[in-house]
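Visitor: Can you look at this prediction? I've put the sequence above it.
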Amino acid sequence: MLRTVLAITLAGALVFPLGATAATQDYILVIKNHRFEPSEITIPAGQKIKLVVDNQDPTPEEFESHSMNREKVIPGRSKASIWIGPLKPGSYDFVGEYHEDTARGKVIAK
Amino acid sequence: MLGSAVIVFREVLEAALIVAVVLGATRGAARGGRWVAAGIAIGIAGACIVAAFAGRISDALDGRGQELFNATVLLVAVAMLAWHNVWMSAHGRKLADDMRRLGHDVTIGVKPLSAMLVVTALAVLREGSETVLFLYGLAAGGTGQSELLAGGMLGLAAGVTLGFLLYKGLLRIPLRRFFTVTGWIVLLLAAGLAASAADFLNQAGVITVLSAQLWDSSNLLSQSSLFGQMLHVLVGYQDRPTGIGLIFYVATVLTIATLMRLVGGTRRDPSPGSLATRSMT
């Protein structure tokens, strides 16, 4: 029975329309020298957006935000997309967990 | 050096605590330790493979590969923990009785042990791959990295130590109540992992409903604090949970508890006073 439940869950996860949000605009966030550039990104509130994080450092970084419930490892010299929102208006902190003293930024939802 | 120690410690802690609970929950099983050790070894090997392919996993499935991979790993672990608890609800009491009577380890068969091997391997794999990536980044970096690497090793040792202490603490629970208590811990651990899986599915855009934050108790107990993180691993505490995470949490608790009650109830005659504990043993 458990296996059936799991199988259904996973099947659902894979079958679900992955391209449903393809029409939204991308927001670019660059990681260089363990810092985010820009360190503040303004996005429209109440919308789902795609954040493309471009890690130009040779070392991996973990994008982490408790306030947005996001965590994603981005290997060195590679890009990763993170879907954000819809967010209520406000400011949302994020950090690069591997270099938390320098890699800090926030998303402003307006 | 301290910085890298803290980062590795945090990554290792989750796996170490889960392994401690698994070791505790399989207490008294002959060769149980060997199964868990095998799980750790498989997990470390898997972590290296996952770290090596991190870029490709991340890019897969329209950039949602990492989220779906994490969610799948978590949900399989939840299923294995659930299966273990259901098995224990049918056999746990006899196991505890046998252990008390014989005074030594008993044979409990391959199935429940292999479930816990899988849980161990998955926990080590998931957290380990991030540790491997981080340490690799340090090793591949430039100057002054050996100190950071030493810090990483320190963090690794600290995480393992804390897991060991938890295991030692679990062993102090009297045998009569042992499987009841570990059953509860495994149940809440599984629910917490399910909630994390929900958040990854939300991050992947697979689940889009109820993704808003329910409350913010980070001022009260921050999830980034040591105690907050330990509670996060062991009982699924989140300082800023989402609605869907909470639903997964509650649904997992109810599903496993119901299955345990059903299975536990069909194998034994009800006796007064045993009802309360039976579902969790």
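Guide: Looks like it came in fine. Residues are numbered from 1 along each chain as shown, chains lettered A, B, ... in the order given.

Visitor: Poorly predicted segments of chain A, please.
Guide: A:1-24 (pLDDT under 70).

Visitor: Does the residue nearest the centre of it lie in a helix or a strand, and which?
Guide: In chain A, the centroid-proximal residue (Cα atoms, centre = their mean) is residue A:82; its distance is 3.0 Å. Residue A:82 is located in strand A:78-84, with elements delineated by DSSP states H and E.

Visitor: close to chain B, is that strand?
Guide: Yes: applying Cβ under 8 Å from any Cβ of the partner chain, one finds strand A:78-84 in contact with chain B at A:78, A:80, A:81, A:82, A:83. Backbone N, C-alpha and C define where each C-beta goes, glycine included.

Visitor: Dump stretch B:208-227 to PDB, restricted to CA.
Guide: Provided in PDB are the C-alpha atoms of stretch B:208-227 (Å, rounded to 0.1, in the frame of the first residue of the first chain):
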ATOM      1  CA  THR B 208       1.700  25.400  -6.400                       C
ATOM      2  CA  VAL B 209      -1.000  25.600  -3.800                       C
ATOM      3  CA  LEU B 210      -0.700  26.700  -0.200                       C
ATOM      4  CA  SER B 211       2.900  27.800  -0.600                       C
ATOM      5  CA  ALA B 212       2.500  30.900   1.500                       C
ATOM      6  CA  GLN B 213       4.300  31.100   4.900                       C
ATOM      7  CA  LEU B 214       2.000  30.200   7.800                       C
ATOM      8  CA  TRP B 215       3.800  31.800  10.600                       C
ATOM      9  CA  ASP B 216       7.300  33.200  11.500                       C
ATOM     10  CA  SER B 217       8.700  31.900  14.800                       C
ATOM     11  CA  SER B 218      12.300  32.600  13.900                       C
ATOM     12  CA  ASN B 219      12.500  35.100  16.700                       C
ATOM     13  CA  LEU B 220      11.300  32.500  19.200                       C
ATOM     14  CA  LEU B 221      13.400  29.700  18.000                       C
ATOM     15  CA  SER B 222      15.500  30.200  14.800                       C
ATOM     16  CA  GLN B 223      15.900  27.100  12.600                       C
ATOM     17  CA  SER B 224      19.500  28.200  12.000                       C
ATOM     18  CA  SER B 225      20.300  27.800  15.700                       C
ATOM     19  CA  LEU B 226      21.700  24.500  16.800                       C
ATOM     20  CA  PHE B 227      18.700  23.600  18.900                       C
END
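
Visitor: excluding its backbone neighbours, what's nearest residue A:39?
Guide: Excluding its sequence neighbours, the residue lying closest to residue A:39 (Cβ to Cβ, 6 or more residues apart in numbering or on different chains) is residue A:105, at 4.2 Å.

Visitor: Tell me if I am right that that neighbour is in a strand.
Guide: Yes: under DSSP: H, G, I helix; E, B strand; the rest coil, residue A:105 falls within a strand.

Visitor: Quick check: the residue nearest to the centre of chain A touching residue B:205?
Guide: No: counting by Cβ atoms under 8 Å, residue B:205 is not a contact partner of residue A:82; they are 10.3 Å apart.

Visitor: Indicate each strand paired with the strand holding residue A:82 and its parallel or antiparallel sense.
Guide: strand A:49-55 (antiparallel) (DSSP bridges).

Visitor: Tell me the strands beside the following helix or strand past the strand it pairs with, with direction?
Guide: Downstream of strand A:49-55, the next assigned helix or strand under DSSP H and E is strand A:61-65. Applying DSSP bridges, strand A:61-65 is found paired with strand A:70-74 (antiparallel), strand A:90-96 (antiparallel).

Visitor: what's near enough to touch residue A:74?
Guide: Counting by Cβ atoms under 8 Å, 6 or more residues apart in numbering or on different chains, residue A:74 makes contact with A:31, A:53, A:55, A:60, A:61, A:62, A:63, A:80, B:58.

Visitor: Dump these into TSV; add distance to residue B:5 as well.
Guide: As requested, the contacts of residue A:74 are exported to TSV (distance: Cβ to Cβ, whole Å):
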residue	distance to residue B:5
A:31	22
A:53	26
A:55	23
A:60	18
A:61	18
A:62	16
A:63	21
A:80	26
B:58	26
